[in-house]
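Colleague: With the input below, show me the fold.
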Amino acid sequence: MSVDTEKHAEKIDFLTRLYKEALDAADPMKVVPPHLPAAPRGRTVVVGVGKAAAAMACAVEENWSGPLEGVVVVPEGAVMPTKYIHVHESSHPVPDERSIAGAQLLMEAVSDLTEDDLVIALVSGGGSALCALPAAGLTLADKQHITRELLKRGASISEINVVRKHLSAIKGGRLAAHAYPAEVVSLLISDVPGDDPALIASGPTLADESTCQDALDILQRYDIDDIAIVNGALKSGAWESIKPGDYKMARNSYHIIASAWDGLSAAAKQADKEGMACHVLSDVMEGEARDLAKAHAGIALSVASRGVPFELPCVVLSGGEATVTLKGQGSGGRNTEFILALALALEEHNSIYALSAGTDGLDGTANAAGAWLAPNTLNRAKALGCNALLSLDENDSATLLDKVNALIHTGPTFTNINDFRAILIEA
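Modeller: Modelled structure (predicted):
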């Protein structure tokens, strides 16, 4: 191994340690137990949905002394062994028949409860697609069409979830309303920028301030207003979600038990422990992946050339969720697209390294969590006959980065606190 290769490996290992610290800060086994409520006089029913739901269910089982029952809905492949809580596998990011079955199981689990009963709701990112119960008169095919179009056209996760809440019979507080008069305590692992609890998994157990008109405005903004029943129901308010102040929500409470900020803070502490100055830009950075990459490159290049706004050496962190407007037919996701666009913007700068990865272990169609970047990444790609600009245009970032062994593979992480980005600028 050459000196340069060893140096590159050392720097990427450092960034990977920061990423792992961020994941550890959102480990359900650590963050669930401190927030468990007191046992009720009646039944305790656990319901959950999201990429972290199975691990959260295991954490409840290991730390609960009384009887338990319930069901959680997770993505395919994200199952963990449970004793009392049933785990149902479903579809993500586009709902299918398993999503309907999962939603029905959740609604059934909270049926016929009394005021002496307790519902513990375990909610994390990814839940919107995993449990899909179309509003009255809406078909699954309609929901699939709308979800695909919003994803393809680069809608933000917040916009997508506002729409989902108003096309659903379970989201937007409806699951909690169905559990009335039982008490509902929601434990949330946030994957949404700004940590709005009502947006996490489209808020099945939380009251919703957004309106049918908001959902209609979003669909019209992206020119997805071609389904008559959707337009009619949203215009009339027929599919309105459960609002704050509704009597069925009076006994409900929630706790955000892990978020992007927690992950970034843990990573920053690790950097400090290793003697590296660290700066967190923000945990709510959204926008097109390639635009975010240009913005991050501008900061990194300014630090490298002028020592502003941060002194050398340092690492810069950010969180939030990028979007990708699909134009090509390649393989990739928002994190691999970010890394490839960053590489092009940095123009093979010899002292800048980066890592960008989803904390759920998944990144679009990349079959990876994300990717890393070293000063020689583009040169290596060129030597293999790859055209980085063409790959970016075709949304084929993962194919190129796979050829240079720059993809990050974690498998399901059983948590989800949005995307993690780290850029190391050497002196």
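
Colleague: how close does residue 190 sit to residue 301?
Modeller: 32 Å (Cβ to Cβ, to the nearest Å). Bear in mind the C-beta positions are built from the backbone N, C-alpha and C, glycine included.

Colleague: Please disregard the earlier target; I meant residue 386.
Modeller: Residue 386 is 23 Å from residue 301, by Cβ to Cβ.

Colleague: which residue ranges form the strands in the stretch 101-250 of the chain?
Modeller: Counting by DSSP state E, counting those that start in this stretch, the segments of the stretch 101-250 of the chain that form strands are 118-124, 183-189.

Colleague: Check the offset of the last one from the chain's centre.
Modeller: Okay, so that is strand 183-189. 18 Å (Cα atoms, centre = their mean, to the nearest Å).

Colleague: sorry, back to before: comparing residue 190 and residue 301, which shows the higher neighbour count?
Modeller: residue 190 (27 against 16; other Cβ atoms under 10 Å).

Colleague: Quick one: the helices in the stretch 51-200 of the chain, in order.
Modeller: Taking DSSP state H, counting those that start in this stretch as the test, the helices found in the stretch 51-200 of the chain are 53-62, 97-109, 127-130, 140-152, 157-165, 174-179.

Colleague: I'd like to know which of these is closest to residue 362.
Modeller: helix 127-130 (12.2 Å; Cβ to Cβ).

Colleague: can you pull the buried residues of whichever strand or helix holds residue 19?
Modeller: If you go by DSSP states H and E, residue 19 is part of helix 3-25. By 16 or more other Cβ atoms under 10 Å, the buried positions in helix 3-25 come out as 8, 11-12, 14-15, 17-23, 25.

Colleague: again, but for stretch 189-196
Modeller: The neighbour-count criterion (16+ other Cβ under 10 Å) identifies 189-193, 195-196 as the buried residues of stretch 189-196.

Colleague: again with stretch 386-397
Modeller: Judged by neighbour count (16+ other Cβ under 10 Å), stretch 386-397 contains these buried residues: 386, 388, 391-392, 394-397.

Colleague: Is the nearest residue to residue 278 once chain neighbours are set aside in a helix, a strand, or coil?
Modeller: Of all residues not flanking residue 278 in the chain, residue 271 sits nearest, at 3.8 Å (Cβ to Cβ, 6 or more residues apart in numbering). Here residue 271 is recorded as helix under DSSP: H, G, I helix; E, B strand; the rest coil.

Colleague: Same question for residue 357.
Modeller: Here residue 357 is recorded as strand under three-state DSSP.

Colleague: rewinding a little: which outside residues touch the helix holding residue 19?
Modeller: Applying Cβ atoms under 8 Å, 6 or more residues apart in numbering, the external contacts of helix 3-25 come out as 1, 30-31, 258, 262-267, 269-271, 274, 276, 315, 317, 353-355, 357, 359, 372, 374-376, 408, 410, 413, 415, 417, 420, 422, 424, 426.

Colleague: Output it as CSV, nothing but the C-alphas.
Modeller: Output in CSV follows, covering the C-alpha atoms of helix 3-25 (Å, rounded to 0.1, in the frame of the first residue of the first chain):
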residue,chain,number,x,y,z
VAL,A,3,1.8,6.3,1.5
ASP,A,4,-1.0,8.2,-0.2
THR,A,5,-3.3,5.2,-0.1
GLU,A,6,-2.6,4.7,3.6
LYS,A,7,-3.3,8.3,4.3
HIS,A,8,-6.5,8.2,2.4
ALA,A,9,-7.6,5.1,4.3
GLU,A,10,-6.8,6.7,7.6
LYS,A,11,-8.9,9.8,6.9
ILE,A,12,-11.9,7.8,5.6
ASP,A,13,-11.7,5.6,8.7
PHE,A,14,-11.8,8.8,10.9
LEU,A,15,-15.0,10.0,9.1
THR,A,16,-16.5,6.5,9.4
ARG,A,17,-16.0,6.6,13.1
LEU,A,18,-17.9,9.9,13.3
TYR,A,19,-20.7,8.3,11.3
LYS,A,20,-20.8,5.3,13.6
GLU,A,21,-21.0,7.6,16.6
ALA,A,22,-24.0,9.3,15.1
LEU,A,23,-25.7,5.9,14.6
ASP,A,24,-24.9,4.9,18.2
ALA,A,25,-26.6,8.1,19.5
